[in-house]
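S.K.: A structural model of the following input is requested.
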Amino acid sequence: MIDVSIEKLVNYAIAKGLVEECDRVWAENTLLAALHLESFARPENVEDSPLEDTLAELIAYGVEHGLLEDSITERDLFDSRLMGLLTPRPSDVVRSFRENYKESPRKATDYYYALSRASDYIRAYRVVKDLKWKSKTEYGELDITINLSKPEKDPKAIAAAGRAKAAGYPKCLLCREAEGYAGRLDYPGRANHRLIPIVLNGEDFFLQYSPYVYYNEHCIVLNSRHVPMKINRAAFCKLLDFVELFPHYFLGSNADLPIVGGSILSHDHFQGGHYDFAMAKAPVETELSFPGFADVKAGIVKWPMSVIRLRGEDKHRIAELADKILTAWRAYSDPAVTVYAETDGEPHNTITPIARRRSADFEMDLVLRNNLTTEEYPLGLFHPHQELHHIKKENIGLIEVMGLAVLPPRLKTELKELEETLIAGGDLRKTPTLASHAPWAEELKTRYDFTPENTADILRQEVGVVFSKVLEHAGVFKRDEAGRTAFLRFAESIK
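M.R.: Alright, predicted model coming up:
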């Protein structure tokens, strides 16, 4: 049976273009060595199986013969190593990418994305497990995702990692040294990982895809050096350079301060992809003008967070104005709306920037962020407040800012249980897993008559409404008269 499993994996690799037919014997022997086998009888008329099933067969063999422990972490490390054996070398991938790029940027990324899926670096069969839907709100249709694709740490793996000697290589999950790295108990297997070198604003960067894609062609652009994230003029130039190279993609950055960063701040990187978020579709509701920048269109976006949109043909002018706005915002305070640039020497103001192309124009959204904490809001004043934590408690990073909620796995079972309890008319407060949802659900009961036919749809829609409130909480200038006036005060202060 192991011969059949090996041949199925080789057939898969040939069919997906990872190796060629003339590589068959080499591929078989390479897998034999990895599985500590010394002989092989090529089976005939092998019926193909989904990759997930074939890898499960090979993992089961490895567990049975002592090649790995039966834990989620070790299983993932093992199958990544197997797929790494059949994934083209980095030089071949880069060469193919560049040949495709000569025809079009889109053809190049199509090739690279297909390879990342075929090599199982993007575990497509896990990504489809995520629950996804759209919710209509006053800000457009927000994307809602309950993340189920990233496996939870196995208790045995956690214990083993605790016993293992600490390693400093690679320095973090974003380091370019991860390319081809076999992994360990505290670091995921990256044997099947390949990077594409690019240059942004004169610096060396690499393009890769996220292993757990939250949206179409979710990519990461990482600095070749392990240096901290920093939002500055150079960062704006890098974003704009990228969308010039890949005009069908957007690229954005998390903010560079804790709480509002929502990401790995120790390694300079950006996130992008081929997807139009609700924020990108949101219109400008208040036009702005900045002295000396008549060639750049500007305005406040109709969005729950505080967003200034810039648009023009000259990317250098957009970067220049964005830097002027950032510089003003870093130093700006408005006690009337509890905005403070710093307290006790700790800076609070920064920006989450997102760049995209609009035909010949460059467009950049600047989302104003502030990470002030208070006694009443120790997790952040401009952070989801306590009453929303039953749905979203985590930091609001770039992906959420743009209108995609990444919600915790617990909500899959909690929403299902909530649905059943509402239909049955049960007591929400007596059910431990539902008690946190009780105030929200009781308010919903005043507006809806729940039935077996409509409850699931209502809950999904209302989760989206809660997420829109999460974003409103994260907005520094609220969408009321006082907030709008304060937003204009800041815009007018930029000289």
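
S.K.: Show the subsequent helix or strand relative to the helix or strand of the chain with the lowest mean pLDDT.
M.R.: Sorted by mean pLDDT, DSSP states H and E, the helices and strands of the chain end with helix 155-163, the least confident at a mean of 50. On the C-terminal side of helix 155-163, the closest following helix or strand by DSSP states H and E is strand 196-200.

S.K.: surely residue 303 meets residue 137?
M.R.: No. Contact criterion Cβ atoms under 8 Å: residue 303 and residue 137 do not qualify, at 10.8 Å. Using the backbone N, CA and C atoms, a C-beta is placed for each residue, glycine as well.

S.K.: Contact partners for residue 39?
M.R.: By Cβ atoms under 8 Å, 6 or more residues apart in numbering, the residues touching residue 39 are residue 32.

S.K.: go on, residue 9?
M.R.: 31, 51, 54-55, 58, 82, 86.

S.K.: what pLDDT, on average, does the helix or strand where residue 53 lies get?
M.R.: Residue 53 belongs to helix 51-64 when elements are defined using DSSP H and E. Mean per-residue pLDDT for helix 51-64: 98.

S.K.: let's have the chain start at 30 instead
M.R.: Noted, 30 is the first residue going forward, which turns the last one into helix 80-93.

S.K.: Contacts made by that helix with the rest, please.
M.R.: Under Cβ under 8 Å, 6+ apart, the answer for helix 80-93 is 30-31, 34-35, 37-38, 41, 64, 78, 96-99, 104, 107-108, 111-112, 149, 154.

S.K.: now stretch 156-173, how far from the chain's geometric center?
M.R.: Distance, stretch centre to chain centre, for stretch 156-173: 15 Å (Cα atoms, centre = their mean, to the nearest Å).

S.K.: Residue 243 reaches residue 174, doesn't it?
M.R.: Yes. At 6.0 Å, residue 243 counts as touching residue 174 under the criterion of Cβ under 8 Å.

S.K.: The two: who's more crowded?
M.R.: More crowded of residue 243 and residue 174, by other Cβ atoms under 10 Å: residue 243, with 20 against 17.

S.K.: Model confidence at that one, what's the number?
M.R.: For residue 243, pLDDT reads 91.

S.K.: do you know how far it is from residue 301?
M.R.: 12 Å (Cβ to Cβ, to the nearest Å).

S.K.: next one: residue 238
M.R.: 10 Å.

S.K.: tell me, what's touching the two both at once?
M.R.: 247-249.

S.K.: Could you pick out which of those are located in helices?
M.R.: Counting by DSSP state H, no part of these is found in helices.

S.K.: check contacts around residue 271.
M.R.: Contacts of residue 271 (Cβ under 8 Å, 6+ apart): 227, 229, 250, 278, 280, 299, 301, 384.

S.K.: residues touching the third one, list them.
M.R.: So the one you mean is residue 250. By Cβ under 8 Å, 6+ apart, the residues touching residue 250 are 227, 229, 234-237, 267, 271, 280, 298-301.

S.K.: Okay, and the nearest residue to it once chain neighbours are set aside sits in which element?
M.R.: Leaving out its chain neighbours, the residue that sits closest to residue 250 by Cβ to Cβ, 6 or more residues apart in numbering is residue 299, at 4.4 Å. Using DSSP H and E, residue 299 sits within strand 298-302.

S.K.: strands paired with that strand, and their directions?
M.R.: Here strand 298-302 has these sheet partners by DSSP bridges: strand 248-252 (antiparallel), strand 279-281 (antiparallel).

S.K.: Great, nothing more from me.
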